[in-house]
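**Student:** The sequence and its predicted three-dimensional model are supplied below.
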Amino acid sequence: MLTQPPAPALADRRRKRRPWLLSLLLLPLLCACGFALAAAAGDGSGKAFPVDGRVALFEPDVELSELAGGKATPRAEWTATARLLYAQAALETLDQRGIDVASGGALPLHDPAGDDDQLRQHVQSIANALLQRRRGQDASPVPSLEADAEALRRIADADYGLFTWIRDSQAGNGRAAVRLAGRLLIGNLGGGEQAGVALLVELRTGKVVWHVLLPGQTYDLRNLAGARDAAARLLNPLRGGRPAPAGTP
């Protein structure tokens, strides 16, 4: 006996149920994506912030590596160049935003009267925490530099301190490669990302009053043009009390 095909009405009902089944299967994935987007939107990135006072620019904690054969090797000369160029670009950007800088250059990221590397490690820990929040892995409050407030006041005569943390990897032939975001510290952020964080800290208390995360775009910090692009992307939300130079966006 031959099997009769399903009646048209029954076949239609089955087809109508399929989108509901598909939605149920995709619901966990959609919820996970929604959580990640909410975490990114709530991390404080890109919000305009009025700076009422002088800012001390601290030496940027930048590390560049060379990517070859799937392995990243730190390059001291690239790192040294990137730190100098980014500091120059950051000073230019602050001036363009009408912000008074407390010194003519970047201040050392260490306390001469204490542990040389403690301040750098604390800034790195805050950057790590903020990047984890962007990935939706940590919803805890933003850490602070309250333990370093006394040391910060010894180093800088200013109202705020500006700190920058950037990790990146470049191909040896000069073309941008897969971005490695400090994997030994924070794990893999995913292909193609350059990891960067800027922090504005109130020096009297050590509290982080503003922060921003570098987006997925890539900036070659080994040249001044790339450093300027990165500094502009990170620091443009800041607004100072004096008029910005003519032509500033």
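**Tutor:** Done, it's in.

**Student:** domains of the chain?
**Tutor:** Residue ranges for the domains of the chain, per automatic domain parsing: 7-41, 45-239.

**Student:** In the strand ranked longest in the chain, which residues are buried?
**Tutor:** Using DSSP state E, we find that the single longest strand of the chain is strand 160-171. For strand 160-171, a neighbour-count test (16 or more other Cβ atoms under 10 Å) marks 160, 161, 162, 163, 164, 165, 166, 167, 168, 169, 170 as buried. Where you see a C-beta, it was placed from the backbone N, CA and C, and this is true even at glycine.

**Student:** cool, stretch 102-122 as well?
**Tutor:** If you call a residue buried by 16+ other Cβ under 10 Å, then stretch 102-122 has these buried ones: 102, 103, 106, 107, 109, 110, 111, 119, 120, 122.

**Student:** Compare the domains of the chain and say which comes out lowest on pLDDT.
**Tutor:** Note on the domains of the chain: lowest mean pLDDT is at domain 7-41, with a mean of 40.

**Student:** Let me see the ranges of the strands in this structure.
**Tutor:** With DSSP E, the ranges of strands along the chain come out as 49-50, 55-57, 61-68, 71-74, 160-171, 195-202, 207-213, 238-239.

**Student:** Which of those has the highest mean neighbour count?
**Tutor:** Greatest average neighbour count among these goes to strand 160-171 (a mean of 26), per mean count of other Cβ atoms under 10 Å.

**Student:** what angle separates that strand from strand 61-68?
**Tutor:** On the basis of axes from the mean of the first three to the mean of the last three Cα atoms, to 10 degrees, strand 160-171 is oriented at 10 degrees to strand 61-68.

**Student:** Against which helices or strands is strand 160-171 packed?
**Tutor:** Under the contact criterion of 3 or more Cβ pairs under 8 Å, 6 or more residues apart in numbering; DSSP states H and E, strand 160-171 touches strand 55-57, strand 61-68, helix 76-96, helix 118-134, strand 195-202, helix 224-235.
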